[in-house]
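1. Turn this into a structure:
(2 chains)
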Amino acid sequence: QKEVEQDPGPLSVPEGAIVSLNCTYSNSAFQYFMWYRQYSRKGPELLMYTYSSGNKEDGRFTAQVDKSSKYISLFIRDSQPSDSATYLCAMSAGGKLIFGQGTELSVKP
Amino acid sequence: GAVVSQHPSWVICKSGTSVKIECRSLDFQATTMFWYRQFPKQSLMLMATSNEGSKATYEQGVEKDKFLINHASLTLSTLTVTSAHPEDSSFYICSARSSGGTDTQYFGPGTRLTVL
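-> As a prediction, this is how the structure comes out:
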């Protein structure tokens, strides 16, 4: 069993839809949770960072962490074609980041 | 803020030659830098962790004599692929973690290496 599980997709939605991306994990020591967006042939770009449990909102993006269920989510509201990318969850207990496999998202105009 | 650059962005070389990739944190000091490798449609694979002024820590299965890492300053780390072979062709990405105390890593734009 992988430490971090993420549905690889691909996920295709129409423009304006609400997108939900999720990861589950097994290591209860994880305290730092991140979401990265990666466009093709580019390095990952940090979208959201959360420490421990709770919600965090930044514009159209909301990150949720539920440590009791070992489950994290990223919501994208009013999705745009420019949101089409691969989304990677990442987490750590201090030190190395452990990444999910990445979810490929396509937002159709 | 938190910008990381990589140079070159792409490189093509002949088998048997060595290639050096530079990673720089432009607006913050990075006590730790990381080197990743990524194959198409796959997630990032950590190769090594580099701390300024000390030897890099390599992940299991990564040949330290083939992938030489130097972290000479708080803003610069280099990865040298020695005696490159076609199977070393990949997308190499560095990241930097600031000395601010969080685990957030900021990634460079990546270097695409093609070995002929």
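
2. make it CA atoms for all contacts and neighbour counts henceforth
-> OK.

3. what secondary structure does whichever residue of chain B sits closest to chain A sit in?
-> Residue nearest to chain A within chain B: B:Pro109 (4.2 Å; Cα to the nearest Cα). Using DSSP: H, G, I helix; E, B strand; the rest coil, the secondary structure recorded for B:Pro109 is coil.

4. gap between the closest residue to it other than its chain neighbours and A:Lys108?
-> Once flanking residues are discounted, B:Pro109 sits nearest to A:Gly43: 4.2 Å by Cα to Cα, 6 or more residues apart in numbering or on different chains. Using Cα to Cα, to the nearest Å, A:Gly43 is found at 23 Å from A:Lys108.

5. Which one's more surrounded, those two?
-> Between A:Gly43 and A:Lys108, A:Gly43 has the larger neighbour count (other Cα atoms under 10 Å in any protein chain shown), namely 25 against 16.

6. Contacts only, for the residue of chain B closest to chain A.
-> With contacts defined as Cα atoms under 8 Å, 6 or more residues apart in numbering or on different chains, B:Pro109 is in contact with A:Lys42, A:Gly43, A:Pro44, B:Val4, B:Ser5, B:Gln6, B:Ser9, B:Ile93.

7. so the third one sits right up against B:Cys94, yeah?
-> I take that to be A:Pro44. No: the criterion here is Cα atoms under 8 Å, and A:Pro44 misses it with B:Cys94 at 10.0 Å.

8. between these two, which one's more packed in?
-> Taking neighbours as other Cα under 10 Å, A:Pro44 and B:Cys94 compare with B:Cys94 leading, 31 against 24.

9. how about the residues of chain A near chain B?
-> Contacts of chain A with chain B, taken as Cα under 8 Å from any Cα of the partner chain, map to A:32, A:34, A:41-46, A:49, A:88, A:92, A:94-95, A:97, A:99-102.

10. Recalculate using a threshold of 10 Å.
-> Within chain A, the positions adjacent to chain B are A:8, A:31-34, A:36, A:38, A:40-46, A:48-51, A:86, A:88, A:90-104 by Cα under 10 Å from any Cα of the partner chain.
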